[in-house]
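Peer 1: Requesting a structural model of the entry that follows:
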Amino acid sequence: MDKKFKIMVIQGPNINMLGVRDPGMYGSMKMEDIHSQMKVVAEQYGADIEFFQSNFEGELVDKIQECLGEVDGIIINPAAYSHTSIAIRDAISAVGLPAIEVHISNIYRREEFREKSLIAPVCAGHIAGFGPVGYHLAMIGMLQIFDQIKALEAANQNQ
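Peer 2: Okay, the predicted model is just below:
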């Protein structure tokens, strides 16, 4: 029987305000709508998915740490903490799970202080500037990582 993979989606500060906060920058789609679409994709693949949002750095770090032994991959939009949080970076690095960083806006076309992500170097991938569809791209990327894990496990069992 194939292992059922589990994804944790972690949303940082102000992501709960999507659809209200600066629709010209972030679009009109609400966080809940993004999560609903991600759930459909996960179900089609046969994966479990959970969602967590917080405006507090320590809660995000706690959630990342709780992922160890509980989930197989993390999709994270650390939002503004991407540019400031060594703690979130260290937590992602510590758990050793594949992680994909997502940003709705193109952080490289914004203020200079947003152009550097402290989180991206410890992630398997980084997606920015595609609006809410970036979450779909992250799902595709994570599912590809899971396919690679399955292939490696199968190869190791055949040896």
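Peer 1: Which strand residues bridge the most centrally placed residue in the chain?
Peer 2: If you average the C-alpha coordinates of the chain and look for the closest C-alpha using CA atoms, centre = their mean, you land on residue 75, 1.5 Å from that point. Applying DSSP bridges to residue 75 yields these beta-bridge partners: residue 9, residue 100.
Peer 1: Might you report the residue contacts of it?
Peer 2: Contacts here follow CB atoms under 8 Å, 6 or more residues apart in numbering; on that basis residue 75 touches 7, 8, 9, 10, 38, 99, 100, 102, 135, 138, 139, 142. For the C-beta atoms, the positions are set from N, CA and C on the backbone; glycine is no exception.
Peer 1: could you redo the last one with a cut-off of 6 Å?
Peer 2: By CB atoms under 6 Å, 6 or more residues apart in numbering, the residues touching residue 75 are 9, 100, 138.
Peer 1: okay, those residues in CSV with distance to residue 69 and neighbour count next?
Peer 2: Formatted as CSV, the entries for those read as follows, by distance: CB to CB, whole Å; neighbours: other CB atoms under 10 Å:
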residue, distance to residue 69, neighbour count
9, 18, 27
100, 20, 26
138, 22, 27
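Peer 1: What sits closest to residue 84 if chain neighbours are left out?
Peer 2: In space, residue 84 comes closest to residue 118 once its chain neighbours are excluded; the distance is 7.1 Å by CB to CB, 6 or more residues apart in numbering.
Peer 1: Show the pLDDT at that neighbour.
Peer 2: Each residue has a pLDDT score; the one for residue 118 is 96.
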